[in-house]
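Q: Provided below for reference: sequence and predicted model.
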Amino acid sequence: MSAQDDLVNDSLDILQQMQIGGMDYEDYVRWQSKINDVKHRYDDARAVEKDEKRSADERKAAKDTADAIAKAAPAITKSVIAAVKAFSKGDAVTGAAELMDICASLAPLISTFLAAAGPEGMLIGALFSVIGQILRCFGPKEESDVSKLETFLKGLAAQTQLQNIKSVHDDVLTYATTLTLQAKALRAILARPLNTHEDYKAFYVKLGASTIVVSDIGPHKSVSMFEQWKVLEYLQAPENHNDPLWPAVLGVCCKTYSDLVSTTMTITAMTNSDDLLARFDDVAPGSSSSLSAGDKDTLERKLMDLVAYAEARMKEYQSCNARMLRALKGLASVAQQWGVYACIADNYALKFLTGPQNVKSGSWTDRSDRNYYHRLVLVPDAASTITNGQVSSEFNFKPAYHCFVLKSSSSDYPGSSHWVDHSWAHHDDVSLDHGRNILDNFNPALTDLCVADETDKGLNLFAGTAEGTGAPGSVMAWTLKPTDGYNTGELERVNWWPQTTSPVDSIAAVNGPVALLDDPDSAAIPPGWGDAMIYASMHGSAQIYLNTGNHDYYLPMVPGWGPCTRVAVDQSYLWVYQPYGFALVSHASVRSYIVGTRAAPRWIAFPSLGDAVLGEHLSMGDGAQDVYYNGNHVETKPPLLGLVSLSPCEDGTLLAAVVHRTITHDTASFPYNWYRVRDTRTIQTAPYEIDGAAGTVKVGPWAPIPGEARQVQKLPMPGWKLLANLTADLSRGSKPQ
């Protein structure tokens, strides 16, 4: 075998040995069979190339096809692995985009060899069967989704301004369902050999039905409605941006269009399968099938019509996708402002807002009682999550979030009376209900808490303390059971209590961290790795506490930094911050460090928020003794508070509580030479973008949200991932191949 052949076999071996979550035993055996089939088809093509008894044209066709496959093999393998990773992480649309990349790389061969009777045509068909196998394993569950979305749209019927949107969505969903059912029927009929006239008649009827569905003007008309802004004009109109239904309409719009893209991809795979090639062999003029010449000719024309219609549909959708992409990019900033913003205000009150107008004006709604709020944690409910890229049958476009707060009877915490409250925070009207005490006066008092995950047994929480059993601090585990919809019951201790070397100031946890594809350390967290990573910042310590796999670790801080203020996490990164700026490090890099493959975590630093946010001339008055601070005489200038709270949001924005400092030098007060320092609490937001490969983060511009805060948190708009996934998919599809 040549080095080229070895490369192909090595690439296919990698695919064959993959362990794909979501496949049952039968699917896995079928997967192995499909990869073996590709190997055999490739070997057959090479055999034809070397067979001197074959014609020159046959040998050239086989060689050209095998060479092209060999050249594309590494890229195809990479795309298949990336697709499976994306599907396994719940990003079905990005997974489909990777499969589209494979189709694009094979496009030059398809038109030439698709209908070929020899091994070169069968080789291409075998590759498309691998794509079809992935789609069958991870593809959208249209029936449950369609049922849920149709039910939701019925709830919008009373809103006359949304009637056109309902009509378009109904058309798209109905077509998506029909197309999915027809794809199943087509797959079944293509799997049956053609030998008799009875086979011919059954195949003719089924094939005709598939051709009608694929070529029907109805679906293209529905997509044209998107192009004519029958849905998007409502979403784009500024007067609708503050409509409480706006986020739900956008989410449904993205989901239906995403389903249409996925379903169209399924049809493409079905019309480029090895079964279809086998049927082309059956109806070829010189085939061994006992069909009459007339039957063969009729079915061959029908098969070619089906393939042609499918290709035409894909080209039509490409132009529609381009317009949809432009619209989605324009709507992203509005969608970001439909996240839920929460804060503990300067006066220890609990406040919320959502919606563009409220963000612009700082129209916070106070939901606090007469007590004092010190720490806040908002957590999405299971009905607000998107699994495997799909909206579950319980998905709620107007969700309520778990809201945990540390409270006390005075501004001092813990003070003489302290407790933990749980309530439900509603996204649409930022109201709170079912508030209750779930842990009263526990000793040692909790300094912070976080939620790691939710199981059928309830919410799993972790908390930090400023004291332990003979240690300066500790981390505790707790459970809140789902009794009566989490509306009864108290926090229950779990028998797990590691001690820390310093008092815990803040805590954050991620269960099942996800390594991004551009992360140099991505191999440290393989797909499906489900351990929790629990981080804590410690008072006065330049280390970060970590517990994972029930082992304690202490991570070195960003080089040159002292103790951080607090920590935060998302699914891929640990965030730390101090008065001037922040830094982040991937969970994969952290794991590389603790297993010894890295000498230190790969921190990505953003060292300063900038003068406009923090204040100008911050060193003015350093060392001076004549200082007025917020109107009061002090002996020395207090340290900068700066960034006191940071919330990275999944929608690509940061929400920050920043103490802005203004310093003036009162030379007219000579000989006293006063420096006047004034600190003002502010709330700031900015977009951010992480480049994992380059190790950089871009931020800005910062924009103020009127208000003052000690702590902030933001959750994305319900269904944000639907918008993000669809935008990413369409963006990749718009790039030249």
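A: Yes, it's here.
Q: select the helix or strand of this structure having the lowest average pLDDT value.
A: Sorted by mean pLDDT, DSSP states H and E, the helices and strands of the chain end with helix 142-155, the least confident at a mean of 44.
Q: neighbours of residue 62, how many?
A: 25 (other CB atoms under 10 Å). C-beta here means a position set from N, CA and C on the backbone, and glycine is covered the same way.
Q: and it, that's in a strand?
A: No - applying DSSP: H, G, I helix; E, B strand; the rest coil, one finds residue 62 to be helix, outside a strand.
Q: quick check: it touching residue 42?
A: No - if you go by CB atoms under 8 Å, residue 62 and residue 42 don't touch, sitting 10.2 Å apart.
Q: helix/strand/coil for residue 416?
A: Classification of residue 416 by three-state DSSP places it in coil.
Q: nearest spatial neighbour of it, chain-adjacent residues omitted?
A: residue 409 (6.7 Å; CB to CB, 6 or more residues apart in numbering).
Q: give me the pLDDT for that neighbour.
A: At residue 409, the model reports a pLDDT of 96.
Q: and the gap between it and residue 373?
A: Distance, residue 409 to residue 373, using CB to CB, to the nearest Å: 12 Å.
Q: which SSE is immediately downstream of the lengthiest strand in the chain?
A: In the chain, taking DSSP state E as the definition, the longest strand is strand 674-691. Following strand 674-691 in sequence order, the next helix or strand is strand 696-699 (DSSP states H and E).
Q: so in that sheet, which strands flank that following strand, and in what orientation?
A: strand 674-691 (antiparallel) (DSSP bridges).
Q: what sits against residue 433?
A: By CB atoms under 8 Å, 6 or more residues apart in numbering, residue 433 lies in contact with 423-424, 426.
Q: take the residues you listed and write them to JSON lines, including neighbour count.
A: Supplementary listing: the contacts of residue 433 in JSON lines, determined by neighbours: other CB atoms under 10 Å:
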{"residue": "423", "neighbour count": "21"}
{"residue": "424", "neighbour count": "18"}
{"residue": "426", "neighbour count": "17"}
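Q: which of the residues you listed sits closest to residue 457?
A: residue 424 (19.7 Å; CB to CB).
Q: thought that closest one was touching residue 432?
A: Yes - Residue 424 is within contact range of residue 432, at 6.8 Å (criterion: CB under 8 Å).
Q: and for these two, which residues touch both?
A: Residues touching both residue 424 and residue 432 by CB under 8 Å, 6+ apart: residue 403.
Q: hmm, back to that, buried set for the longest strand of the chain?
A: Neighbour-count burial for strand 674-691 flags 674-677, 679, 681-688, 690 (criterion: 16 or more other CB atoms under 10 Å).
Q: so which of the contacts of residue 433 is the closest to residue 272?
A: Distances from residue 272 to the contacts of residue 433, taken by CB to CB, are shortest for residue 426, at 47.4 Å.
Q: nearest spatial neighbour of the closest one, skipping sequence neighbours?
A: Nearest to residue 426 is residue 400, by CB to CB, 6+ apart, at 4.9 Å.
Q: could you give the mean pLDDT of the top helix by length along the chain?
A: If you go by DSSP state H, the chain has its longest helix at helix 293-336. Helix 293-336 shows a mean pLDDT of 86.
Q: need the contact list for residue 362.
A: Contacts of residue 362 (CB under 8 Å, 6+ apart): 353, 683, 705-707.
Q: switch the cut-off to 10 Å
A: Residue 362 sits next to 341, 351, 353, 683, 704-708 when contact means CB atoms under 10 Å, 6 or more residues apart in numbering.
Q: which of those fall in strands?
A: Per DSSP E, the contacts of residue 362 map to strands at 341, 351, 353, 683, 704.
Q: is residue 4 part of a helix or strand, or is it coil?
A: helix.
Q: residue 65: which element?
A: Going by DSSP H and E, residue 65 is in helix 56-88.
Q: ok, now residue 646?
A: strand 642-648.
Q: neighbouring strands - and their directions - for that strand?
A: strand 653-666 (antiparallel).
Q: between helix 293-336 and the partner strand, find me the angle.
A: 20 degrees (axes from the mean of the first three to the mean of the last three CA atoms, to 10 degrees).
Q: sorry, back to before: which of the contacts of residue 433 lies closest to residue 560?
A: For these, the nearest to residue 560 is residue 423 (41.5 Å; CB to CB).
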